[in-house]
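Enquirer: predicted model, plus sequence, below.
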2 protein chains.
Amino acid sequence: MQITRNSLDTNQGPGDWFTGTVYIDTVTTPTDPSRLGAAAVHFTPGARTAWHTHPFGQTIYVTDGIGLCQCEGGPVEVIKPGNRVYFGAGENH
Amino acid sequence: MQITRNSLDTNQGPGDWFTGTVYIDTVTTPTDPSRLGAAAVHFTPGARTAWHTHPFGQTIYVTDGIGLCQCEGGPVEVIKPGNRVYFGAGENH
């Protein structure tokens, strides 16, 4: 059991992953045999991720604000608090 | 891409997993090749989980209230909002 109490810094998202300013608070990083990474990510207005994929997929759970999401070739969707979005393995979004 | 908007019910935790009343809001369930399950779990005062393990470990991220956690044979630890707890694969807690 490993407890982490307020010892992690809030980091800005790297410029090659994001356009605009994004703040990332790490929740967990993978520890073998887990492959799970999780973070609380706050987007400032207009900020967005670069197109990307995840080898095992990704779930977004919206806690605040109103966002937009899109998969390559699909419509732009509005997402609000309480909504969940699952991006499948390798799905460009 | 799969968006879920407010269509999931809040469920009470089953009695063989929990003592006392616990409310579970599912965030995501595994979709192959992902093995990730995630949920927002609210414990009413005094409620607790039964001793259990996870094959790939578990991370708890505390959002509200004050909780207690323990691994088998270890001390009882107090956890507060913003704290993270990682339970390793197979670690009884």
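Expert: Yep, it's here.
Enquirer: compute the number of surrounding residues for residue A:59.
Expert: Residues lying near residue A:59 (other C-beta atoms under 10 Å in any protein chain shown) number 20. For every residue, glycine as well, the C-beta is placed using N, CA and C.
Enquirer: in which helix or strand does it reside?
Expert: If you go by DSSP states H and E, residue A:59 is part of strand A:58-61.
Enquirer: for whichever helix or strand comes after that strand, name the packing helices and strands.
Expert: As assigned by DSSP H and E, the chain's next helix or strand after strand A:58-61 is strand A:67-69. The helices and strands touching strand A:67-69, judged by 3 or more C-beta pairs under 8 Å, 6 or more residues apart in numbering or on different chains; DSSP states H and E, are strand A:77-79.
Enquirer: not counting its own residues, what contacts the strand it packs on?
Expert: Residues outside strand A:77-79 that contact it (C-beta atoms under 8 Å, 6 or more residues apart in numbering or on different chains): A:60, A:62, A:66-70, A:85, B:1, B:3.
Enquirer: neighbouring strands for it, and are they parallel or not?
Expert: Sheet pairing for strand A:77-79, assigned by DSSP bridges, gives strand A:67-69 (antiparallel).
Enquirer: from the chain's centre, how far out does the strand it pairs with sit?
Expert: When distances are taken as C-alpha atoms, centre = their mean, to the nearest Å, strand A:67-69 is centred 12 Å away from the chain's centroid.
Enquirer: same thing with stretch A:82-93?
Expert: Relative to its chain's centre, stretch A:82-93 lies at 10 Å (C-alpha atoms, centre = their mean).
Enquirer: hang on, the earlier thing: which of the contacts of strand A:77-79 sit farthest apart?
Expert: Largest separation among those by C-beta to C-beta: A:66 and B:1, giving 17.4 Å.
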